[in-house]
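>>> one predicted model, sequence on top.
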Number of protein chains: 2
Amino acid sequence: MSAPRMAALPRFLVNGLPGDRVSVTDRGLAYGDGLFETIRVEQGRAGLLEQHLRRLALGASALALPVDLAQLRNELEAAAAELQRGLLKLTITRGPAGRGYAIPAQVEPTRILQLSSLPDYPSANAAEGVRLFPCATRLGHQPLLAGIKHLNRLEQVLARSEWQDPSYAEGLLLDIHDRPIECTMSNLFLRLDERWVTPSLTLCGVRGVMRDYLMDRLAAEGEPVIERPVSSDELLMSAEVFCCNSVYGVWPVVELAGHRWSIGVHTRQAQRLAEQVIS
Amino acid sequence: MSAPRMAALPRFLVNGLPGDRVSVTDRGLAYGDGLFETIRVEQGRAGLLEQHLRRLALGASALALPVDLAQLRNELEAAAAELQRGLLKLTITRGPAGRGYAIPAQVEPTRILQLSSLPDYPSANAAEGVRLFPCATRLGHQPLLAGIKHLNRLEQVLARSEWQDPSYAEGLLLDIHDRPIECTMSNLFLRLDERWVTPSLTLCGVRGVMRDYLMDRLAAEGEPVIERPVSSDELLMSAEVFCCNSVYGVWPVVELAGHRWSIGVHTRQAQRLAEQVIS
């Protein structure tokens, strides 16, 4: 059976139909009033789909955004089957509306699905580790929005614009109290006193689905992960450090502002767990 | 000379051409990566245009967003002449781009102009004053974005969704340290010890153009406005309180959570100054 010829990537679906335009009155554009998920697809399957849908549901609840999870699941599974290998980006907004912050009585969310190829990260990132750029941009505290992958992402845009040097694969973000929280597109794990610690995300930061998955899997392997506030000193004192997301898995961190780490066995263990769901 | 028949409102221009759609890849939609201004038009003129353009330039500088202010001024003046009376909303984003937070090497901003009629606020708001809803949503601190009218407005969306009762014309927003900052779409002025005080906006809040204008004009009339952090107790102790923006001018505040204020002569003075530029 020959595979059907596919249209070029990226391609887009808006509300289930081919199309790449939305109304200028969409509240996603006006206020960043919406959510998104970026999902890795391998062998026609959307990786960590349950975790992505669970985070989407949490965000939708926080924003009081009506979403049809069964419909989204069907569309994501169909798009993953079509894509076979690549990236699915789902954006869901509160849809078109009149001017003003008040949520309209009748909300018709807009859902946008982007099918694209996988980013071409150097394979050395996973094998030999990455350097982190120390971002000056600080994450503000907003407990109502912390953890959620919403469309208000100017902090990440500002932080990511701080470096162009490709020898930095990621940038470290501290919060306004100078505590390490995450990287611009990843979460952070630290090996402290023979245990994994990950910064708590109750005041800022995005709760990555790979972070959730690794916390579950590491606990099941006898390595429970402690979620708590972390200081910069603790980060530097850590025996191992890695960053992770659901697209690239785990990258060991080997350098930050002149400080160096070697790649330990515990990071390699986390990497193997991640590879089980992203390949 | 008879006026030409105008198309129904609202109508839209995208990059100078009639149209009401933008690409789903626009960074305004993806990350709220952009700015906006809402401008009142009377007698074919855009009110406080210099102040609006100045704030836009400040925001563009903070976001490193390339904007052509001369072009924007021309388009706003032409649209105001066409509209004669109503509201112009200008949105400017970092334009379409590939996936990821990094700013592309070549940025082509998207500019969207919305021409609409004036909102139909009750005339009693200005004449008899308004009640403020005490919002539970707190403004997070982010000095890099404070003051700017950017497209990351989920805090305002959440705050405005807290009440539906139309007897509240506006909602009061405190910051995460419980200090009064502004209202959901307006700034705040308090009469304390025979002087006007307005909350400083270095950590959060939007620097309204009417606030800037009133600070200038009141100073010129021998009433300099002090810009500093304000406590909730000070708000309640104030002799007069008003909120203001460039669309409705000045609304005296007469009630908040059971506390009542009367409308004083100093508020009426500010109201007259505002009316000089919005009517």
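That came through fine.
>>> any idea which element the closest residue to A:E128 other than its chain neighbours lies in?
Closest residue in space to A:E128, ignoring its immediate chain neighbours: A:V254 at 7.3 Å, by C-beta to C-beta, 6 or more residues apart in numbering or on different chains. C-beta coordinates here come from the backbone N, C-alpha and C atoms, glycine included. Using DSSP states H and E, A:V254 sits within strand A:249-256.
>>> can you pull the buried residues of that strand?
By neighbour count on 16 or more other C-beta atoms under 10 Å in any protein chain shown, the buried set for strand A:249-256 is A:249-254, A:256.
>>> same for it, what does it pack against?
helix A:124-128, strand A:130-139, strand A:168-175, helix A:209-220, strand A:240-245, helix A:265-278 (3 or more C-beta pairs under 8 Å, 6 or more residues apart in numbering or on different chains; DSSP states H and E).
>>> got a list of what the residue sitting nearest the centre point of chain A touches?
Among the residues of chain A, the one closest to the centroid is A:G208, at 4.9 Å (C-alpha atoms, centre = their mean). Neighbour list for A:G208: A:182, A:186-187, A:244-246 [criterion: C-beta atoms under 8 Å, 6 or more residues apart in numbering or on different chains].
>>> go on, A:T38?
Residues counted as contacts of A:T38 (C-beta under 8 Å, 6+ apart) are A:87-89, A:246-247, B:99.
>>> again, only this time at 10 Å
Counting by C-beta atoms under 10 Å, 6 or more residues apart in numbering or on different chains, A:T38 makes contact with A:52, A:87-91, A:114, A:116, A:119, A:149, A:185, A:209, A:245-247, B:99-100.
>>> so A:A102 sits against B:R160, correct?
Yes - at 5.1 Å, A:A102 and B:R160 qualify as touching, with contact defined as C-beta atoms under 10 Å.
>>> ok so, going back, hey, which of the helices and strands packed on strand A:249-256 is tucked in deepest?
Mean neighbour count (mean count of other C-beta atoms under 10 Å in any protein chain shown) peaks for strand A:240-245 among those, with a mean of 26.
>>> what angle sits between it and strand A:249-256?
Angle, strand A:240-245 to strand A:249-256, by axes from the mean of the first three to the mean of the last three C-alpha atoms, to 10 degrees: 140 degrees.
>>> hmm, who's touching stretch A:270-279?
A:40-43, A:45, A:47-48, A:51, A:118, A:126-127, A:189, A:191, A:196, A:209-210, A:213-214, A:216-218, A:220-221, A:223, A:225, A:240, A:242, A:244-252, A:263.
>>> how is chain A carved up into domains?
Here the domain assignment for chain A is A:11-116, A:124-278, based on automatic domain parsing.
>>> distance to B:L13 added to these, as TSV?
Output for the domains of chain A, formatted as TSV (distance: least, C-beta to C-beta, whole Å):
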stretch	distance to B:L13
domain A:11-116	9
domain A:124-278	24
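>>> got CSV for these, with mean pLDDT too?
What follows is those, written out as CSV (pLDDT from 0 to 100):
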stretch, mean pLDDT
domain A:11-116, 97
domain A:124-278, 98
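>>> looking at the ones you listed, which is nearest to B:L201?
Between B:L201 and the domains of chain A, the shortest separation by C-beta to C-beta is 13.9 Å, and it involves domain A:124-278.
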